[in-house]
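In: Just to be clear, the model below is a prediction. Sequence and coordinates:
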Amino acid sequence: GGGEQVAGAIAQALADDHEVVLLGPEPIDIEATIARLGVDLTGCGYQRVVDDVTASAASADFDLFINTTYRSSAQNRAPAGLYYVHFPEPPSTSRQRAVQAVSRRAADALAGVSNARVRRVHAGFERRSARTEWARTYSTFLSNSTFTAEWVTRLWSVPSEVLYPPVRPEVLPGAKTSVIASVGRFFDPKFGHCKKQLDLLHGFIDLERAGADGWRLELVGGADAASRDYALAVRREAVGHAVSVHFNAPRSLVRDTLATAGIFWHGGGFGEDPDVHPERFEHFGIAVVEAMAAGAVPVVFGAAGPAEIVRHGVDGYHWHTLDELVSRTRELIADPARLAAMSASAQQRAGEFSGHVFAQRLRLAAAHALR
């Protein structure tokens with residue numbers, strides 16, 4: 001996934017000039033990592049850690065400890081610490097905040113008691129208090145988008161720079177057809193991070209009514225049993241329309257779809273409140289960059305990561321309502337010259353998220369942390 005890609009790219013970027021040791025529960029399969037992620041970790045060592053506690057203890061043996069684990073709260077014990085943030089812990093509910101407040105007071109009250117049983121109770125209160133003192137042990141935070149960086153400051157009270165993750169384009173532009181593509185897992189909205197395929201389908205039905213001029217919609221993504229009802233609802237509503245829904249399709253179909261698609265739709269975050277549920281937004285948007293690299297013009301919901309990737313009116317469009325999604329798409333369909341120009345601009349923009357750019361900026365951040 002994206003987290004593995006970032007961790008591998010960081011290790012590879014630093015391995016030429018530093019001794020790099022990979023920490024994790026299992027040794028890295030070098031050949032598989034080269035084939036799947038395109039990163040070569042041959043020169044890296046390995047040390048086994050299984051959780052935040054063992055990772056924190058291991059960190060004391062290094063000059064620089066780099067944490068790329070999602071939702072980790074491992075304390076850094078190295079002289080310098082760098083944390084790459086995919087997204088910080090989501091805000092607490094009112095009930096959780098109350099539990100945390102009570103737990104903090106109880107933990108403080110029991111802190112000096114020596115009885116073994118009371119110490120265990122104290123440890124339990126500490127776990128529930130959701131303190132973020134561990135964040136102060138890191139000297140540098142890097143976030144995968146400005147959206148994420150803002151939440152790092154809001155939730156952890158530390159500043160963060162932005163370092164967009166590296167995207168390795170797997171798909172070259174092919175002969176473009178009248179296809180709108182949307183690629184992403186079919187997550188039921190009740191699980192939070194929904195890609196909004198049902199809303200995109202409704203938008204396409206509106207586009208058909210307005211005149212789609214032979215264009216069709218291809219929805220491609222993984223689906224599991226937990227989201228079965230949502231996925232099947234999308235398929236049912238697609239019947240009778242110029243829409244194909246592909247569940248758990250092979251990677252070859254994803255590549256073919258992106259290579260031939262003229263337009264790419266993305267709806268993550270639509271209908272959500274970023275101040276209440278920021279975790280429901282696309283924090284970066286690797287699929288958006290992949291589509292742009294393949295020459296598909298992105299029309300994305302105008303918030304969070306995709307809105308940072310896509311420059312509105314230059315290499316794609318932002319939308320905020322389904323009416324706007326339809327109108328922006330119709331503009332592209334009606335103007336082949338604009339579509340071609342934006343396709344070229346999108347490909348150029350995708351190159352700004354390359355592994356080379358990431359490695360350069362990562363090395364600078366590491367050097368600064370080690371000063």
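Out: That came through fine.

In: so where's the chain uncertain?
Out: Screening the chain residue by residue with the criterion pLDDT under 70, one finds the ranges 1-2, 90-130.

In: List the residues that contact Asn144.
Out: 6, 84-87, 162-165, 283-284, 305 (CB atoms under 8 Å, 6 or more residues apart in numbering). Yep, even glycine has a C-beta here, placed from its N, CA and C like the rest.

In: oh sorry, the question was meant for Val183
Out: Shown in contact with Val183 (CB under 8 Å, 6+ apart): 220-221, 254, 257-258, 264, 287, 290-291.

In: Can you report how many residues neighbour the nearest residue to Ser145 once chain neighbours are set aside?
Out: Leaving aside its sequence neighbours, Ser145 sits nearest to Gly305 (CB to CB, 6 or more residues apart in numbering; 4.4 Å). Using other CB atoms under 10 Å, Gly305 is surrounded by 27 other residues.

In: again with Val288
Out: 29.

In: Is it in a helix, a strand, or coil?
Out: Per DSSP: H, G, I helix; E, B strand; the rest coil, the local secondary structure of Val288 is helix.

In: is it true that it touches Pro298?
Out: Yes: using CB atoms under 8 Å, Val288 is in contact with Pro298, at 5.5 Å.

In: list residues touching both of those two?
Out: 264, 266, 306, 309-310.

In: Of the residues you listed, which is the nearest to Ala367?
Out: Nearest to Ala367 among the shared contacts of Val288 and Pro298: Ile309, at 26.7 Å, using CB to CB.

In: That closest one reaches Gly285, doesn't it?
Out: Yes: using CB under 8 Å, Ile309 is in contact with Gly285, at 5.6 Å.

In: Between these two, which is the more surrounded one?
Out: Gly285 (31 against 27).

In: just to revisit the earlier point, what's the residue nearest to Ser145 in contact with, if anything?
Out: Neighbours of Gly305 in contact, by CB under 8 Å, 6+ apart: 144-145, 147-148, 281-285, 288.

In: TSV for these, including secondary structure and distance to Leu325?
Out: As requested, the contacts of Gly305 are exported to TSV (DSSP: H, G, I helix; E, B strand; the rest coil; distance: CB to CB, whole Å):
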residue	secondary structure	distance to Leu325
Asn144	coil	25
Ser145	coil	22
Phe147	helix	20
Thr148	helix	24
Phe281	coil	17
Glu282	coil	15
His283	coil	21
Phe284	coil	21
Gly285	coil	16
Val288	helix	15
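
In: Quick check: the residue nearest to Ser145 is in a helix.
Out: Yes: the assignment for Gly305 (three-state DSSP) places it in a helix.

In: okay, and the common contacts of Ile309 and Gly285?
Out: Contacts common to Ile309 and Gly285, judged by CB under 8 Å, 6+ apart, are Val300.

In: For the nearest residue to Lys196 once chain neighbours are set aside, give its distance to Glu133.
Out: Distances taken as CB to CB, 6+ apart place Gly267 nearest to Lys196, at 3.4 Å, with adjacent residues excluded. The gap separating Gly267 from Glu133 is 38 Å, by CB to CB, to the nearest Å.

In: Settle it for me: which of these two has more neighbours?
Out: Gly267 (25 against 9).

In: contact partners of stretch 49-65?
Out: With CB under 8 Å, 6+ apart as the test, stretch 49-65 has contacts from 18, 21, 23-25, 47-48, 67, 69, 72-82, 366, 369-370.

In: Report the separation between Pro342 and Phe264.
Out: Slight slip there: residue 342 is Met, not Pro. From Met342 over to Phe264 the distance is 11 Å, taken as CB to CB.
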